[in-house]
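1. Sequence isn't available, so here's the structure alone:
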DNA sequence: TACAACATTG
DNA sequence: CAATGTTGTA
């Protein structure tokens, strides 16, 4: 039996907006620690992993692990029936074949209840090794959104190059080539001094991180990350995972074409839905206009060595939709391994993995 | 000869936006009391009745009754040529085959004039008996809009059920079922205490009554209202029907037609409102977002008995466009008879009738 | 993907 | 009051 009470339905709404174009069906894996969702995009090029911590809920109870197979389009529709500030209660009984969502207006004078059919989806949870990366870039989500959206107008892919001085995004296209260099700045260093470290304090909104004037613990954290310095980190990390297979996406370039249909190597199953894997540039202004980070520029670079990888912009643009969930994004890279794009928000985190293009053009 | 001077062209513009999708051609029946329009939607399932009172015009003159056959698309186009705050003068001579519209800027430094061709439309004014309903629900127009739009995502129809505790809207669909319960609240009771109360007294006071401040008369109104409430408000209303044919739409699902002529059972006295208990007159609110009722929730329920009816959401969504005309909407229902959805605005009222679906699916 | 409506800004 | 941008809907 699952019962989770969320203070604001908006979180779920935004979460679904973030991933629904990438994935059509997925299991919400619920256990006592929270809710996790992991799925490859429809063309099996990218992987999305969402984590919602039990502690982030106003109330959370999950007696035993249960996977809830959900069609994300249906869930999106149902969530649209909630007002942003509604309290949202999610319930599913053990033998659940429906997910029960209750929206309660703050004033309690309106209670809406929805039952959504669940489906069986073959659990295809992949082992995602907790890799260490050679470079980590921390920047504002809006800036990242802007850059990939801008560059996507020029070409199909972007080369991301990280060096001590900063990070460069470069694209080449028919009509024009372009590149954006974000320099590492002192301001950014302070701003993200302890971003995403421990989960205790940064719990809130990340927003506060922007205001950080204190530059004390900065040093330490940063070092922790710089430790690893050998190249070619294989994404194997620990194997404590069960017998799952690993995340081995097809090299980006290829996967592009196929959508739906694909039987591919995925033995997913039952109710598969067709879904256009299109990418469209969705701006990011959402979140809270309020804290339009004054110091919107600058990035924090943490690295062991230069990295230079090329990715499909289409996916990055898609990932950037998550800027509705957080003001900050982190890009983790090592040469020749999938990029990890991470958005942390109070309640949890959403991670996207994308394999680099091989024959860098 | 007709000449009507409207203070704000915006009213007409909004009115047309409300009905133009439902009806393409209709007669504006003009007489000394004002202008009425009545028409069935294109599939003859719903009926729209608009009333613009002569007194609502800055100036109004109509020597003798005359029907002006108008193509609503044309009128919409012509009205788009008016600025919202233009003064709008409508003129038609007795032998009219054109409708003359004059838009006068407030500053009088601009005068635009348009002539729109009229057409002959078979008068098919139906007699709409001034029915008494078993239940009346008063709520914010925006909430109603929101609910029907939400539910229309799930299914084709909605079951509306009214009980003392509130009103429930329920829909069933492929992917999910949903229902929204709006509870009757004390706040709502006060808010609508004398909604539609009338011309004599509440003329200006209506709004104030909402304020907690004025405690004196508020009390009274409130009691008046609650009394009925508790005792199962009798929704009496005079049954002064006449001999006209009645509005007998085909059960929503099907379609049929029926026509007749004759004016409503509105007889003599202009000012007279055959009003259901306490509904009538007073405009809802500003219509403009201005006073986005803080207490947006809650409904006022007045009923004699439980009612439960099923309607096509498509039409309700369409009706809800009238929220541009009023902040408040009233739903009047009795089992097995057409639903009446009414929006009252300063100048008049727009009423929609929709037959219930029979074999509730 | 395109169109319409709403909100915001100048 | 008009224009533009953004959001939501078909």
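-> Sure, I can see it. Treat the numbers as computed from the prediction; the structure is a model and nothing was measured.
2. any idea how far the residue located most distally from the centre of chain A lies from residue B:343?
-> For chain A, the C-alpha farthest from the mean C-alpha position belongs to residue A:109; by Cα atoms, centre = their mean, that distance is 35.0 Å. If you measure residue A:109 against residue B:343 using Cβ to Cβ, to the nearest Å, the figure is 22 Å. For glycine as for every other residue, the C-beta is placed from the backbone atoms N, C-alpha and C.
3. cool, and residue A:126?
-> As judged by Cβ to Cβ, residue A:126 and residue B:343 stand 55 Å apart.
4. Could you do residue A:189 as well?
-> In this view, residue A:189 and residue B:343 are 58 Å apart by Cβ to Cβ.
5. for residue A:336, same thing?
-> Residue A:336 is 64 Å from residue B:343, where distance means Cβ to Cβ.
6. Same check on residue A:81?
-> In this structure, residue A:81 and residue B:343 are separated by 23 Å, where distance is defined by Cβ to Cβ.
7. Pick out whichever of the two has more residues nearby.
-> residue B:343 (28 against 24; other Cβ atoms under 10 Å in any protein chain shown).
8. before we move on, which element is the more buried one in?
-> Assigned by DSSP states H and E, residue B:343 falls within strand B:339-345.
9. ok, so what distance separates the residue nearest to residue A:63 when sequence neighbours are not counted from DNA strand C?
-> Excluding its sequence neighbours, the residue lying closest to residue A:63 (Cβ to Cβ, 6 or more residues apart in numbering or on different chains) is residue A:1, at 4.9 Å. Distance, residue A:1 to DNA strand C, by Cβ to the nearest atom of the strand, to the nearest Å: 37 Å.
10. show me the contacts for residue A:1.
-> Taking Cβ atoms under 8 Å, 6 or more residues apart in numbering or on different chains as the definition of contact, the neighbours of residue A:1 are A:61-63, A:91-94.
11. Same question for residue A:72.
-> By Cβ under 8 Å, 6+ apart, residue A:72 lies in contact with A:16, A:19-20, A:23-26.
12. at 10 Å what do you get?
-> Residues counted as contacts of residue A:72 (Cβ atoms under 10 Å, 6 or more residues apart in numbering or on different chains) are A:16, A:19-26, A:28, A:37, A:39, A:79, A:273, A:275.
13. what's the burial count for residue A:176?
-> Counted with other Cβ under 10 Å, the neighbours of residue A:176 add up to 10.
14. Also the one 3 residues further on?
-> Residue A:179 has 15 neighbours, counted by other Cβ under 10 Å.
15. Just give the nearest non-adjacent residue to it, would you?
-> Across the structure, with Cβ to Cβ, 6+ apart as the measure, the residue nearest residue A:179 apart from its sequence neighbours is residue A:170 (3.5 Å).
16. Give the pairing partners of the helix or strand containing that neighbour; include direction for each.
-> In this assignment (DSSP H and E), residue A:170 forms part of strand A:166-172. Strand A:166-172 pairs in its sheet with strand A:157-163 (antiparallel), strand A:177-183 (antiparallel), by DSSP bridges.
17. would you turn the ones you listed into TSV with mean pLDDT?
-> As requested, the strands paired with strand A:166-172 are arranged in TSV below (pLDDT from 0 to 100):
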stretch	mean pLDDT
strand A:157-163	96
strand A:177-183	94
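18. and those, which is most packed in?
-> strand A:157-163 (a mean of 22; mean count of other Cβ atoms under 10 Å in any protein chain shown).
19. before we move on, the earlier item: just the contacts of residue A:72: which are in helices?
-> For the contacts of residue A:72, membership in helices holds for A:16, A:19, A:79, with DSSP state H as the criterion.
20. and the second one, how many neighbours?
-> Residues within reach of residue A:19, counting by other Cβ under 10 Å, total 23.
21. And for residue A:165?
-> Summarising burial for residue A:165: neighbours were counted as other Cβ under 10 Å, giving 11.
22. Is it possible to mark the buried ones in the contacts of residue A:1?
-> The neighbour-count test (16 or more other Cβ atoms under 10 Å in any protein chain shown) applied to those identifies A:62, A:91-92 as buried.
23. Identify those among these that sit within strands.
-> Secondary structure assignment (DSSP state E) places A:62, A:91-92 from those within strands.
24. out of those residues, who's nearest DNA strand D?
-> The shortest separation between DNA strand D and any of those is 25.2 Å, and it belongs to residue A:91 (by Cβ to the nearest atom of the strand).
25. For the closest one, give me its contacts.
-> Taking Cβ under 10 Å, 6+ apart as the contact definition, residue A:91 lies against A:1-5, A:61, A:98-102, A:113, A:115.
26. Next: residue A:111.
-> Residue A:111 neighbours (Cβ under 10 Å, 6+ apart): A:86-87, A:89, A:102-105, B:166, B:168, B:179-183.
27. can I assume it sits in a helix?
-> No - note on residue A:111: no helix contains this position according to DSSP: H, G, I helix; E, B strand; the rest coil, which reports strand.
28. wait, residue A:38 sits on residue A:125?
-> Yes - with contact defined as Cβ atoms under 10 Å, residue A:38 reaches residue A:125; the gap is 5.4 Å.
29. Give me the common contacts of these two.
-> A:27, A:29, A:49.
30. number of nearby residues for residue A:23?
-> The criterion is other Cβ under 10 Å. On that basis, residue A:23 has 22 neighbouring residues.
31. can you pull up the bridge partners for the residue nearest to residue A:179?
-> Here residue A:170, judged by DSSP bridges, has bridge partners residue A:159, residue A:179.
32. ends of stretch A:105-112, how far apart?
-> From the first residue to the last, stretch A:105-112 extends over 9 Å; the measure is Cα to Cα, to the nearest Å.
33. Wait, residue A:54 touches residue A:6, no?
-> No - under the criterion of Cβ under 10 Å, residue A:54 makes no contact with residue A:6, lying 11.5 Å away.
34. And those two? Which one has more around it.
-> Neighbours per residue (other Cβ under 10 Å) separate residue A:54 from residue A:6, with residue A:6 holding more: 23 against 18.
35. Can you get me a residue count around residue A:305?
-> As a measure of burial, residue A:305 has 15 neighbours, counting by other Cβ under 10 Å.
36. does stretch A:136-154 come close to DNA strand D?
-> No - using Cβ under 7 Å from any atom of the strand as the criterion, no contacts between stretch A:136-154 and DNA strand D are found, and the smallest distance is 10.8 Å.
37. Check the offset of that stretch from the chain's centre.
-> 14 Å (Cα atoms, centre = their mean, to the nearest Å).
38. same check, this time on stretch A:329-341
-> With Cα atoms, centre = their mean as the basis, the mean position of stretch A:329-341 lies at 12 Å from the chain mean.
39. if we take the contacts of residue A:91, which one ends up nearest to residue A:73?
-> Closest approach to residue A:73 among the contacts of residue A:91 (Cβ to Cβ): residue A:99, at 13.9 Å.
40. buried set for the helix or strand hosting that closest one?
-> Residue A:99 belongs to strand A:98-104 when elements are defined using DSSP H and E. With burial defined by 16+ other Cβ under 10 Å, the residues of strand A:98-104 counted as buried are A:98-104.
41. Just give me the closest of the contacts of residue A:91 to DNA strand D.
-> residue A:101 (17.5 Å).
42. Quick check: beta-bridge partners of that closest one?
-> For residue A:101, the beta-bridge partners under DSSP bridges are residue A:90, residue A:114.
43. just the helices in the stretch 251-361 of chain A please.
-> Per DSSP state H, counting those that start in this stretch, the stretch 251-361 of chain A carries helices over the ranges A:313-319.
44. which stretches of it have low pLDDT?
-> For the stretch 251-361 of chain A, the stretches flagged by pLDDT under 70 are A:251-297, A:360-361.
45. How is residue A:122 assigned, secondary-structure-wise?
-> The local conformation at residue A:122, judged by three-state DSSP, is coil.
46. what's the neighbour count on it?
-> One way to gauge burial is a neighbour count; for residue A:122, by other Cβ under 10 Å, it gives 13.
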